[in-house]
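S.K.: What follows is a predicted structure for the sequence shown.
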Amino acid sequence: MERVIFHCDLNSFYASVELLSHPELRHLPVAVCGDPDSRHGIILAKNEPAKKFGVKTAETIWQSRKKCPDLVLLPAHHGEYRAFSKQINLLYQEYTDLVEPFGIDESWLDVTGTIHLFGGDPQALADRLRDQVRSRFGLTISVGVSFNKVFAKLGSDYKKPDATTIITRENFQDIVWPLPVTDLLYVGRAAARAFERFGIRTIGDLAVFDRESLFTLLGKNGAQLHDFANGLDLSPVAPADQHPPPKSVGNGYTFPRNLQGREEIRAGISQLADQVATRLRKCGMKCQGVSLAIRDPAFRDLSRQQRLESPTDLGRELAQTAMALAESCWNMDHPVRALTVTAIYLIPADEAGSQIDLFLGEREDKREKLQKLEGTMDAIRAKYGPGAIAHASAPRDSGQEHHAPPSGGHRTYGED
């Protein structure tokens, strides 16, 4: 039986949620962003009128205002976005138990086994979902319908806002193949550059390119992308309660003023590492490596990573490793605009083992004390809020823009 996969994409999600409270602004170009007075003016989302001016997610406010001087800026309310996302995914679960979120504003649905309960017509069911989201929440979605996840996502991107696009085995070459290769899921910048050297500019170019050559060029990833371009994606939609664990956990700050000197950089790293460790413990994971990214005032980025001797979820150990990375690659006299600390190579905490070194009993005893301390801090934060307690070394005047680095299906700055 041919699979029926939906990809539902909330249109201009952050901006659309904000406009529920500001209906008088709907006809104006609107963007959701950080506080421009604190130097972290990054566009997180924009509405359709703003898109017509060329405003883009993740660009700075001053870049957007050069394109659109009358752009209306609204602050972000991430708690509201999470609440809407949860409720909308519960709506999807009224139609199938195979609902797999892809970020906060997108989800795949496999309705193969349930579509007969709702009339059997994919177009009609997709339109019904669009009507339900509009009537219940005041928001709109675009829905792609296809026989695999990759093409379903291409369908939801194909026509926006508030539209349904059907991609079948009979029409996918006409719809999908003329699209830029960068539209294909998981084609990143490195792959796009490699494809450009070989004249691969469209998904169709990729589909007809020699698969073995792609394997030689990009390894398994190249062969997989070739399969995707030919409609050979067999990946399942995960059940609603069985989503894969994160591949990495990270936090980043753009600081309100540049960090200067070793101690300020150490304080910034310590605060980020503490937050990453808290999130690791919350999701029951430990990391086997740490990545550090540093951005200077000219927006130049430098990143390094290192494997750990043993898995950890302790902020102190993450901070020590991240600081060692900083000292190995960064001139401490140079100013730092932003830092990102990421825990990588994650494994479930209960699989990490204790890996005790019999010759370092004192170190293990110290580790146990740290675990108790950070566990106590978790309990205080759970009761009184995330800002209730922090390490003494944390920067006093944060006011930072908080963002999570790319990992799995999570985005860095916001939504499209």
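M.R.: Yes, it's here. Numbers count the residues shown, from 1 in each chain.

S.K.: Cys287 and Arg281: what is the separation?
M.R.: Distance of Cys287 to Arg281, given as CB to CB, to the nearest Å: 11 Å. Where you see a C-beta, it was placed from the backbone N, CA and C, and this is true even at glycine.

S.K.: Ser107 too?
M.R.: Distance from Ser107 to Arg281, counting by CB to CB: 27 Å.

S.K.: Same question for His27.
M.R.: Distance of His27 to Arg281, computed by CB to CB: 46 Å.

S.K.: Show me which of these two is the more surrounded one.
M.R.: Set His27 next to Arg281 and count neighbours by other CB atoms under 10 Å: Arg281 wins out with 19 against 10.

S.K.: avg pLDDT for the one helix or strand that one maps to?
M.R.: Using DSSP states H and E, Arg281 sits within helix 261-282. For helix 261-282, the mean pLDDT works out to 93.

S.K.: For the next helix or strand along the chain from it, list the C-alpha coordinates in PDB.
M.R.: The helix or strand immediately downstream of helix 261-282 is strand 285-295, counting by DSSP H and E. Extracted in PDB, the C-alpha atoms of strand 285-295 (Å, rounded to 0.1, in the frame of the first residue of the first chain):
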ATOM      1  CA  MET A 285      21.700  12.400  28.600                       C
ATOM      2  CA  LYS A 286      25.400  12.600  29.100                       C
ATOM      3  CA  CYS A 287      27.900  13.900  26.500                       C
ATOM      4  CA  GLN A 288      31.200  12.400  25.300                       C
ATOM      5  CA  GLY A 289      32.500  15.600  23.700                       C
ATOM      6  CA  VAL A 290      32.300  19.400  23.900                       C
ATOM      7  CA  SER A 291      32.200  22.000  21.000                       C
ATOM      8  CA  LEU A 292      33.000  25.700  21.400                       C
ATOM      9  CA  ALA A 293      32.200  28.400  18.900                       C
ATOM     10  CA  ILE A 294      33.500  31.900  19.200                       C
ATOM     11  CA  ARG A 295      32.400  35.000  17.300                       C
END
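
S.K.: ok, and the closest non-adjacent residue to Pro49?
M.R.: Pro29 (4.3 Å; CB to CB, 6 or more residues apart in numbering).

S.K.: Distance check, the one you found against Pro23.
M.R.: Distance from Pro29 to Pro23, by CB to CB: 15 Å.

S.K.: Same drill for these two, tell me which one is more crowded.
M.R.: With neighbours defined as other CB under 10 Å, Pro29 and Pro23 compare such that Pro29 has more, 22 against 9.

S.K.: Which parts of the stretch 151-300 of the chain are helices?
M.R.: For the stretch 151-300 of the chain, applying DSSP state H, counting those that start in this stretch gives helices covering 172-175, 189-197, 203-208, 211-218, 220-229, 261-282.

S.K.: okay, and for the stretch 51-200 of the chain, where does confidence drop off?
M.R.: Applying pLDDT under 70 to the stretch 51-200 of the chain flags no residue at all.

S.K.: before we move on, back to that, turn the helices of the stretch 151-300 of the chain into CSV, including distance to Leu125.
M.R.: What follows is these, written out as CSV (distance: least, CB to CB, whole Å):
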stretch, distance to Leu125
helix 172-175, 20
helix 189-197, 34
helix 203-208, 26
helix 211-218, 35
helix 220-229, 25
helix 261-282, 36
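
S.K.: Understood, closing this out.
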